[in-house]
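Asks: Test case, fold it:
(one chain, ligands or ions: 3)
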Amino acid sequence: MVHVVWVAATATTAAVALVAWLIAEWGGPQTTEAAAMIGVLAFAVFAALSAVWAGWSSRGRQRLAWMCLAAGLGGWAFGEALWAYYRLVLHADPFPSIADVGYLLYPVGACAALLLFPLGHSVHSRTRLLLDGLIVVGALFVVAWVTVLRFVFGSGSESAFAAVLYVTYPATDVIVVTVALLILVRAKRPALVLLTLGNIVTALADSAWVYSDARNVYIEGGLVDVGWIVGLLLIGVAALASGRGGVTAEEVLGPPKRVELWMPYLPVAIAAAVCAPFLLTMSGVPPLVVSWALLVSAVMVRQFLVVNQNQRLLAIVAEQALRDPLTGLANRLLFHDRLSHAMQLQKREGGAVAVLLLDLDDFKRVNDSLGHPAGDALLVQVALRIVSCVRPGDTVARLGGDEFAVLTEGGPAQSRRIAHRVVRAFEEPFVVDGHALVIQPSAGLALVPVDDDSVSIEDLLKRADTAMYSAKRSTSGGLQTFTPDMSHVAANKRDSQGGLLLEELRNAIDNVDLTLAYQPKFDLDNGDIVGVEALIRWPHPELGVLAPDQFLPLVHRHGLVQSVTDLVVSRALDAAVEWRANGVAVPIAVNISAPSLSDLDFPNRIVRALAERGLTSDALTVEITEDLLVDNIDRAQAVLERLRVRGIRVAIDDFGSGYSALSYLRDLPIDEVKLDRHFVSPILTDTRAAAIVRAVIDLAHVLGVTTVAEGVENGETAAKLQEFGCDVVQGYYCGPPIDAAAMLDLLRRRGQRSSDGSSAGWGDAGTSRSEIELMQ
Ligand code: C2E
Ligand code: CA
Ligand code: CA
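Replies: Ligands and ions are numbered 1, 2, ... in the order given. Predicted coordinates for the structure are as follows:
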């Protein structure tokens, strides 16, 4: 690259020296004339060689462009050489001559070159560039004609061909300059600036030459030649400066700029203004001219309107490109843009930036059970609800699927308040197609403190994501704010949750690697174990034993529910068979979620599974763990009815945890209601809660339904429940979940004890503390 700088510097120095020589007219007029001609020739050769070099060092269309320019410059050099020969050797002054052919090659080559530079233009926009150039030329010609040319031609001293040539030089120059300027508007590259400047200077020199030559006042070696020398120098240096890919301008992609649309019309307006007084003062202007003028004006105004409309459409399209079409919220692109803006502002002016990420829990279930239109309707409602919780300046975006993001600026306290408000807004059910859906988000909040400018956008988003994932994993769900200690484990697990964990889960299902823990249910009156609930576990080789909350969302999201249910049912029934073989017969309960309830074949599969093992239907209880209203309540009713007709017990799980619990009691055919532990646990401290639990137990009894209290963790609660008339209890106090062998052991021991006649009592499930911890 260094040698290029040297060449450019040498050429510039030579040009300065030459110009000084010409201006000083050193050596007299004849010497000056010769110096001027040879100088112009030398610089034309210099520019041509530079263009060849630029073409050689670039590729593709750029190379072609430079080569066209080189050809044009070569033409000029040839013309100049011929001219010098005419003048210096033959002492002739022919005009027009073959030299003019060479000269005229230049604008052709330059124009082709400018149109060829790969500027991200389509064929259309290239054509438009050329047309713009023509419009400008037309306009300028009118001006030139009215002001100067008609006087030149009026003299009648030249041939028609010479006259045409006189006009051709400045006209072609104007095209080149216009095209160069139009391109320059889009891409301000140093090489392009130099090239345009060079063309402007040569164009001025050409015009000056036409004027002075036509009036016979042209002197070789004067200012006109200085103009050509400087112009050629600039063009040559532009070629040298272009280097490899120097003129390529990626930034030209995108909608055209306003000035670019208007620039060509400016000369037209000027031409009209210049002509108007001339036309008006002319006697007997033909009506044709006036009507043409009107026509052209109308076309121009129409063009103006179209251009304006296009600009508006472009603005709309650009706006839409930044919006989520379903909800009208910002999309990921706009969110990133706003976030980066907010972060920059934060770095400059302080202030806190916070990102809240939300992911709807079990959204896929809505899609699966109610259909995509309902899912879409839900997303729109969610969007509206989030927007209603934020301030006007905050940005709410849908990042994709069921993932939303909120960007808040201002104090951390404010951001926290808004985040809580957003999450609380989900407490109210969403009504979609007449279904009341309770949808909970997992939400992660990450804040950049006021004085911390080391956090990047990626960091912030990752933190919010980590917090969100932590919320998803925690049983309490809801909102989590990022803390550094959550970062690693959670992030890693999230990564694996994306791909690896799912793959592993699929394998675990295929290989029946999922296991069951069993938790006893005790009769509150006599302490007998009246049932056992099967709870799924995933003994993961690296992550340890995973609880259902840690992988069931994945099961639901990826449509693996049916295989998991089948796996659980067959494992549970296998255990029941084994226990029976060991002399203990106790009903086993399995958890079933929504998709199975809309599967009319499900009861048949259950019955088959029982029959294959020679088990009677009273060996099995089905617990409906569904917390989301099932898609088709009629279908669910039918499925449950079929199960019951075959003698399988049906239990409603998690009663009182917040969903249409009472209507379940009323509408669904059930045998058992399991009171959720959050419903049960306050009965010791909260008299109103206690009254409600008591009333529900009474109500269930009126309906002939067995009541089971879940999550009983202490004796006092058990005693209170007994007092309320509850039938069955389940919980860590009475017996935690244990593995199949331990359960068999427990059942046998208790069976022995009851046959001894001693009271077993549910406060002592015969499980040691360490066993309890092991199973958790
Ligand atoms: P669930 O059906 O309500 O099961 C009871 C959950 O409460 C179990 O958690 C159990 O370990 C826990 N638990 C039992 N006693 C106590 C107690 O005294 N205190 C407290 N705090 N918790 C107690 P687990 O095993 O983590 O299961 C969580 C949920 O996952 C289950 O809630 C059930 O909805 C679902 N689930 C478990 N196994 C299956 C399955 O095989 N299929 C399906 N679809 N869902 C399952
Ligand atoms: Ca259950
Ligand atoms: Ca439950």
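
Asks: Spatially nearest residue to the most centrally placed residue in the chain (excluding sequence neighbours)?
Replies: The chain has residue 332 as the residue nearest its centroid, 3.7 Å off, counting by CA atoms, centre = their mean. Closest residue in space to residue 332, ignoring its immediate chain neighbours: residue 399 at 5.0 Å, by CB to CB, 6 or more residues apart in numbering. For every residue, glycine as well, the C-beta is placed using N, CA and C.

Asks: buried ones in the strand or helix carrying residue 133?
Replies: Using DSSP states H and E, residue 133 sits in helix 123-144. By neighbour count with 16 or more other CB atoms under 10 Å, helix 123-144 contains the buried residues 125, 128-130, 132-144.

Asks: Measure how far that helix is from the centre of its chain, please.
Replies: 40 Å (CA atoms, centre = their mean, to the nearest Å).

Asks: circling back to that earlier point, my understanding was that the residue nearest to the centre of the chain contacts residue 395; is that so?
Replies: No: between residue 332 and residue 395 there is no contact under CB atoms under 8 Å: 11.6 Å.

Asks: Name the residues that touch stretch 261-268?
Replies: Identification of contacts with stretch 261-268 by CB atoms under 8 Å, 6 or more residues apart in numbering yields 132-133, 135-136, 138-140, 143, 178, 181-182, 185, 300, 303-304, 307, 311.

Asks: State the distance from the residue of the stretch 501-650 of the chain found nearest ligand 2 to residue 535.
Replies: Nearest residue of the stretch 501-650 of the chain to ligand 2: residue 623, at 4.1 Å (CB to the ion). The gap separating residue 623 from residue 535 is 10 Å, by CB to CB, to the nearest Å.

Asks: Pull out the buried positions in the longest helix seen in the chain.
Replies: Counting by DSSP state H, the longest helix found in the chain is helix 287-320. When burial is assessed from 16+ other CB under 10 Å, helix 287-320 yields no buried residues.

Asks: Give me every residue in the stretch 601-750 of the chain lying close to ligand 3.
Replies: Within reach of ligand 3 by CB under 5 Å from the ion, the stretch 601-750 of the chain has these residues: 653-654, 710.

Asks: Distance from the chain centre to stretch 442-457, please.
Replies: For stretch 442-457, the distance to the chain centre is 20 Å (CA atoms, centre = their mean).

Asks: for stretch 504-512, same thing?
Replies: For stretch 504-512, the distance to the chain centre is 34 Å (CA atoms, centre = their mean).

Asks: got it, and stretch 528-544?
Replies: 41 Å.

Asks: about what we covered before: would you turn the residues of the stretch 601-750 of the chain next to ligand 3 into a markdown table with neighbour count and pLDDT?
Replies: Output for those, formatted as a markdown table (neighbours: other CB atoms under 10 Å; pLDDT from 0 to 100):
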| residue | neighbour count | pLDDT |
| --- | --- | --- |
| 653 | 23 | 90 |
| 654 | 22 | 86 |
| 710 | 24 | 95 |
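
Asks: which of the residues you listed come close to ligand 1?
Replies: Here is what survives when these are matched to ligand 1 using CB under 6 Å from any ligand atom: 653-654, 710.

Asks: Restricted to strands, list those.
Replies: 653-654 (DSSP state E).
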